[in-house]
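**Q** After the sequence you'll find the predicted model.
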Amino acid sequence: MKRTILLLTLVSCVALASSAMAQTDLGLKNVGVALGFVNAEDLDGTFSVGVFANHGTIAPRIGLESRIDYWSKSEDDFGTEVSVHDIAIGARAKYYFEVASPKIRPFAGAGLGIHFLSMEVSTPALPGIPAMSADDSETRLGLDIGGGLSTPIGPKTDFLAEAWYGIVEDFNQFSLRAGMSWKLGQ
């Protein structure tokens, strides 16, 4: 009896896996650029730039995207200058909702990113105190949660608008992005 259950479970898993593999469409589909506005924890907002690639679907309405984003912010208070830079490399899965209009593709998604953070602080010389500076870099894992929409604006060009919240230790960040992507090989 146990062997029969084990055999049925194995056959079911193989059948489901082969069905799922038949529905994937992986490969480099689109590449794009994005500009955004980032509001990081304890810092004023700043602009970001990024590139991304659409790798197709891993299930009927679930797409896979990789990305690289960069932002930098410097603030000067009472002569003390603080600079923070973030380079994020990550991947996101996007679930595309089924809607009546094929021109608008709303989505919700989540993903992981590696954030290469760099911080610098410098203070000017004061009477009796020399100028000082310090810097530090850290690598942190982040979780992205967000959504948006994409719409075609030409036969090979799509417009993308999205909002993401990145959960990164001490540097949680909310970002609004707009971008353009170009279809490859179609």
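**A** Great, that's in hand. Numbers count the residues shown, from 1 in each chain.

**Q** Got phi/psi on the residue nearest to W71 when sequence neighbours are not counted?
**A** Once flanking residues are discounted, W71 sits nearest to S48: 3.9 Å by CB to CB, 6 or more residues apart in numbering. The C-beta positions use only the backbone N, C-alpha and C, and glycine is treated the same way. With angles defined as degrees, to the nearest 10, S48 sits at phi -130, psi 160.

**Q** any idea how far A100 is from P60?
**A** P60 sits 18 Å away from A100, going by CB to CB, to the nearest Å.

**Q** Those two: which is more packed in?
**A** Taking neighbours as other CB atoms under 10 Å, P60 and A100 compare with P60 leading, 11 against 5.

**Q** wouldn't the more buried one be in contact with Q23 here?
**A** Yes. Using CB atoms under 8 Å, P60 is in contact with Q23, at 5.4 Å.

**Q** Helix, strand, or coil at P102?
**A** coil (DSSP: H, G, I helix; E, B strand; the rest coil).

**Q** Can you give me the pLDDT of it?
**A** Note for P102: predicted pLDDT of 81.

**Q** Tell me the spacing between it and Y96.
**A** 11 Å.

**Q** of these two, who's got more company?
**A** Just comparing P102 and Y96: by other CB under 10 Å the higher neighbour count belongs to Y96, 17 against 8.

**Q** What pLDDT is listed against that one?
**A** pLDDT, Y96: 93.

**Q** change the start of the numbering to 371 and stick with it
**A** That works, and once the first residue is 371, the last one we named lands at Y466.

**Q** And the helices in the protein?
**A** 372-392 (DSSP state H).

**Q** Strands of that one, start to end?
**A** Taking DSSP state E, the strands of the chain run over residues 395-410, 416-429, 432-447, 450-466, 475-493, 502-522, 527-538, 543-553.
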